[in-house]
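>>> Here is my input, please return the structure:
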Amino acid sequence: MKIKIETLQVTLLETAPEEIAVNELPEVTVVEIAEDIDTNTAPLIQEQILPLAQAGIRMILEMTKVRYMSSAGLRMLLSLYRQISAKGGQIILVGLSEDIRDTMSITGFLDFFKTSDTLEQALEALKVQVQVTRT
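So this is what the prediction gives:
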C-alpha cells in the first residue's frame with residue numbers, strides 16, 4: 001500500500017480591502033494515496049490515516065492516482081470525515097477521477113466533502129499559503 005503523508009507548515013491569508021493579514025496556522029497534513037481503494041486496501045489506509053485525525057486538523061487527501069474506489073473506500077472516507085468533523089477539523093479531497101466523483105455524487109457522499117482539482121486549489125480553499133519549510 002503506497003501512502004505518502006506530508007505535513008506542511010502554512011500561514012493563513014485573510015484579505016481585507018486594502019491589506020493582507022497573515023496569521024500563523026497549524027499545519028496542513030497532505031495524504032497522498034497512490035493506489036486504488038478496495039476491500040483489501042481500505043483498512044490499511046484507514047489504519048494509517050485515522051490516527052492523524054486530531055483536533056483542528058486540516059487534511060488534504062490527494063487522490064489523483066486513485067482510479068477505483070469500492071464501497072469499502074466510501075465507508076473509510078465517511079469514517080474519516082466523521083472523525084475530523086467531530087474534532088473541528090477540515091478535509092478536502094483532491095483530484096477525484098470522474099468515475100469516483102460520479103459514484104460519490106450519486107450516493108450523496110459529495111455532500112460531506114469539499115473537493116478540488118489540484119493541491120494548490122485545496123490550499124487556497126483552506127486560505128493558506130505553503131511556507132518554504134516542510135516537516
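>>> Now do the contacts for the most centrally placed residue in the chain.
In the chain, the centroid-proximal residue (CA atoms, centre = their mean) is residue 60; its distance is 2.4 Å. Residues near residue 60 by CB atoms under 8 Å, 6 or more residues apart in numbering: 28, 29, 30, 31, 91, 92, 94, 119, 122, 123, 126. Quick note: C-beta positions are derived from backbone N, CA and C, even for glycine.
>>> run the last query once more with 6 Å
Residues in contact with residue 60 (CB atoms under 6 Å, 6 or more residues apart in numbering) are 30, 92, 94, 122.
>>> Need the worst-confidence member of those residues.
Taken together, the contacts of residue 60 show their lowest pLDDT at residue 30, with 88.
>>> and stretch 31-48, which residues are buried?
By neighbour count with 16 or more other CB atoms under 10 Å, stretch 31-48 contains the buried residues 31, 32, 33, 35, 36, 37, 41, 42, 45, 46.
>>> So which of those are in helices?
41, 42, 45, 46 (DSSP state H).
>>> what's the farthest-apart pair in these?
Greatest spatial distance in those: 41 and 46, 9.5 Å, computed using CB to CB.
>>> one step back: just the closest of the buried residues of stretch 31-48 to residue 69, please.
residue 37 (4.4 Å).
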